[in-house]
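Student: A predicted structure for the sequence below; I have some questions about it.
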Protein chains: 2
Amino acid sequence: MGPGPINAHPRVLRAMSAGLLGQYDPEFTAYMNETMALYRHVFKTTNRWTFLIDGSARAAIEAALVSLIEPGDPVVVVNFGRFGLLLREIAERCGAAVTMVDAEWGTVVEADAVRDAVRRVRPRVVATVHGDTSTTMAQPIHEIGRICVEHDALLYVDATATLSGMEVPVDAWRADIVTAGLQKCLAGPPGTAPITISERAAERIFSRRHVERGIAQGPGSPAGATGRRIASNYFDLAMLMEYWSERRLNHHTEATTMLYGARECARLVLEEGLEARIARHALVGRAMVAGLQAMGLRLFGDRAHKMANVVGVMIPDGIDGERVRTRMRTGFEIEIGTAFGPLAGRIWRIGTMGYNCRGHAALITLGALEAVLRSEGAEVRPGEAVQAAMQLLEAPAAR
Amino acid sequence: MGPGPINAHPRVLRAMSAGLLGQYDPEFTAYMNETMALYRHVFKTTNRWTFLIDGSARAAIEAALVSLIEPGDPVVVVNFGRFGLLLREIAERCGAAVTMVDAEWGTVVEADAVRDAVRRVRPRVVATVHGDTSTTMAQPIHEIGRICVEHDALLYVDATATLSGMEVPVDAWRADIVTAGLQKCLAGPPGTAPITISERAAERIFSRRHVERGIAQGPGSPAGATGRRIASNYFDLAMLMEYWSERRLNHHTEATTMLYGARECARLVLEEGLEARIARHALVGRAMVAGLQAMGLRLFGDRAHKMANVVGVMIPDGIDGERVRTRMRTGFEIEIGTAFGPLAGRIWRIGTMGYNCRGHAALITLGALEAVLRSEGAEVRPGEAVQAAMQLLEAPAAR
């Protein structure tokens, strides 16, 4: 019950035990195409270039930024937590001239501040996290999308922690690249990362296309590729798009088993229904919040912008947060999350994501946390947490 | 029966269906440590820094090169096939001044040519592939290791296609970084890649260490990190070593399921015995060669330096290589490999790797290939291939 990785759905794990296929076996390339089609629905996009980056969610972030950014490019980073700092870090490694628009941890960034920065620095790229699990905040994206269109900047959004758990309407946002990970609301294991790329971004990336020596039989650089070569081979989205296109130009070896898992994750989302799944995350997240408050615990951050699927809980005075986490794990086999940077030792982070976003999991976690906190001497109201959560879960229509 | 990815061992796939654990759960970090210990045996090394890079084999190559090479560094690339060209490509993207030492496809590079180049350019890094599946050649490494030690260059070796199928004695080679992949002789799926790093290379890499903002609570850059920051975050080996150390400094989210798979691959190697496994690859590879020759087919490349686990077969004149591959796949459910660049359309590549490196698989493949070739009108000696291979397989001592 941490902020991810969480328990994978059993059907995803079963799908991953299927036998391997060669990477150019027509059966396997059909699975690749099917996976692209499935994730277009999950991302609510018509983007042709919707596929997987083989690596953790961070791999997809780096693929997006290194393929868009050339050294010296101005980039605006919308920053309200640890993963905003990661965007800065990666953009800087790409050689970007980064301008930060910061919000205090526990709040989100005002659109006006983003607009001011974009007007001032005329960035090539605006990069933002959607839901930053480090602070449990979800940044509103629509207005930032409008600002980017108005000022001809490309918009990158990291939706690792929110895809299929909150609305991630890629086309409606007018986002150019959005990436995610399987290990949060998608209920899969980390190891491959969905990405979707607009035509505008693809055009930009293809202008930097270079073909690897030893692959194509023609000259190294196809016509039209005048841009600076992308600094990474593994994360070169131009090459990856050629690999995921009907040309199937060889790049890395697609992670067969992870693709089976990613495909099953998306199938489960669409079987449940994307809207129903988002509603489930909203409901169970509210039940968790209601329970924690009924217990008498204080929550962290701006409630108006809290992510649906994770909550930050202030560690009560005099309570050893790590001892509580250990007793939760050893006594109840339940993991809750620690925190990073300025919040380390101050909050726990409790997730209700994907396969763990189920009523009984929230109820059991609340009961266990209450028991451990009482045993540690914290002042909590006994028995109230589970009642409050049950009330919400059993009468969702009345909430 | 291609040059990889090949069929994974069923035990590996079963291991990958185990439930997920949180990345800091002591049970999971114990699996990480165990995986490190297992791969030290597989790599025949005492290197502390032996772990996994989450991505395909190419991800580990890039992690090694981007972490060792600073822009402007002279680098010597030993090149005898497509994957030598890949090393050049990646090194160039890292900003290296690359000097190539080339051999014609189907041969290997002479140590003297490497020595001359190293004396001339005084490289920071010498990079070579061990077994290049594009040409089926295996480069002798020992002498190159000596040259590197004499001239204070770091030696990188890509052993993706050979680890556990041929001798990869990392310490005896005096190699500084060696990387591999699971999808060849290790009999696992692609998606994570073993790496081992010498103390000398680790020292070099730690001199470029920078800690991510939002993680550590102290200043961004620990004492001693004076070198230029590594251009990639995802492939920053300094950060990865901190994550795989007892400090467990957060980086990416380790690909839980792929780690279970990698661990099971190594356990299978050590249960069989590394030497026994290498002998198995040698024997079955010889049986495949004997069968192909008995059929009357010509093999590609210098036999003295052929890899044990893959063979290049000249497509007979007048035969459509792709038609044969399709009929092998649709009629017999057997995949054999196509070829890259200058060898495209000229050879097939047939692997005997990992779980597919078993006598019956070689025999059935030979029988199927003979049948398809006869049906396509090729002149092959009927019935001889399987007999020749059986003879070797049934009396290995007499070979």
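Tutor: Looks like it arrived, so ask away. Fair warning: this is a prediction, and the values are worked out from it, not measured in the lab.
Student: going forward, measure contacts and count neighbours with C-alpha atoms only.
Tutor: Fine.
Student: care to break chain A down by domain?
Tutor: Following automatic domain parsing, one finds the domains of chain A at A:10-270, A:274-398.
Student: for these, which one ends up most surrounded?
Tutor: Among those, ranked by average contacts under mean count of other CA atoms under 10 Å in any protein chain shown, first place goes to domain A:10-270 (a mean of 22).
Student: what's the longest helix seen in chain A packed up against?
Tutor: If you go by DSSP state H, chain A has its longest helix at helix A:274-295. With contacts defined as 3 or more CA pairs under 8 Å, 6 or more residues apart in numbering or on different chains; DSSP states H and E, helix A:274-295 has these neighbours: strand A:310-314, helix A:359-375, helix A:384-394.
Student: any low-confidence regions in chain A?
Tutor: Within chain A, the ranges that satisfy pLDDT under 70 run A:213-226, A:396-399.
Student: Do a quick rundown of the helices in it.
Tutor: Assigned by DSSP H, chain A shows helices spanning A:10-15, A:26-42, A:57-68, A:82-93, A:111-121, A:142-150, A:170-173, A:199-206, A:237-244, A:256-272, A:274-295, A:321-332, A:359-375, A:384-394.
Student: still on that earlier bit, can I get the helices and strands packed on helix A:274-295 in JSON lines with distance to residue B:351?
Tutor: Below are the helices and strands packed on helix A:274-295 laid out as JSON lines (distance: least, CA to CA, whole Å):
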{"stretch": "strand A:310-314", "distance to residue B:351": "48"}
{"stretch": "helix A:359-375", "distance to residue B:351": "48"}
{"stretch": "helix A:384-394", "distance to residue B:351": "56"}
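Student: Now render these as JSON lines, adding distance to chain B.
Tutor: Below are these laid out as JSON lines (distance: least, CA to the nearest CA, whole Å):
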{"stretch": "strand A:310-314", "distance to chain B": "15"}
{"stretch": "helix A:359-375", "distance to chain B": "16"}
{"stretch": "helix A:384-394", "distance to chain B": "25"}
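Student: Specify the stretch among the ones you listed that is closest to residue B:233.
Tutor: Of all those, strand A:310-314 sits nearest to residue B:233, with 26.0 Å by CA to CA.
Student: So which elements touch the closest one?
Tutor: helix A:274-295, strand A:347-351.
Student: closest one to residue A:97 among the ones you listed?
Tutor: strand A:347-351 (32.9 Å).
Student: what about that closest one, distance to the chain center?
Tutor: Chain-centre distance of strand A:347-351: 17 Å, with CA atoms, centre = their mean, to the nearest Å.
Student: Please apply the same query to stretch A:68-85.
Tutor: 16 Å.
Student: Give me the contact status of that stretch with chain B.
Tutor: Yes - under the criterion of CA under 8 Å from any CA of the partner chain, stretch A:68-85 makes contact with chain B via A:81, A:82, A:85.
Student: doesn't residue A:340 make contact with the second one?
Tutor: In other words, residue A:82. Yes - here residue A:82 lies in contact with residue A:340, judged by CA atoms under 8 Å, at a distance of 7.4 Å.
Student: and the gap between residue A:377 and residue B:73?
Tutor: With distances taken as CA to CA, to the nearest Å, residue A:377 is found 60 Å from residue B:73.
Student: Residue A:23 too?
Tutor: According to CA to CA, residue A:23 and residue B:73 sit 35 Å apart.
Student: And the helices of chain A: which comes nearest residue B:195?
Tutor: The closest of those to residue B:195 is helix A:57-68. By CA to CA, the value is 17.8 Å.
Student: Which other helices and strands does that closest one contact?
Tutor: strand A:49-53, helix A:82-93, strand A:154-158, strand A:177-179, strand A:193-197, helix A:199-206, helix A:237-244.
Student: Run me through the strand neighbours of the first one, direction for each.
Tutor: Pairing partners of strand A:49-53, with direction, according to DSSP bridges: strand A:193-197 (antiparallel).
Student: The fourth one too?
Tutor: When pairs are called by DSSP bridges, strand A:177-179 turns out to pair with strand A:154-158 (parallel), strand A:193-197 (antiparallel).
Student: what does it contact?
Tutor: Contacts with strand A:177-179, where a contact means CA atoms under 8 Å, 6 or more residues apart in numbering or on different chains, come from A:57, A:60-61, A:64, A:155-160, A:170, A:193-198, A:201.
Student: same deal with the second one?
Tutor: When contacts are taken as CA under 8 Å, 6+ apart, the neighbours of helix A:82-93 outside the stretch itself are A:61-62, A:65-66, A:69, A:75, A:77-79, A:98, A:100, A:127-129, A:132, A:134-135, A:340-341, B:212-215, B:229-233.
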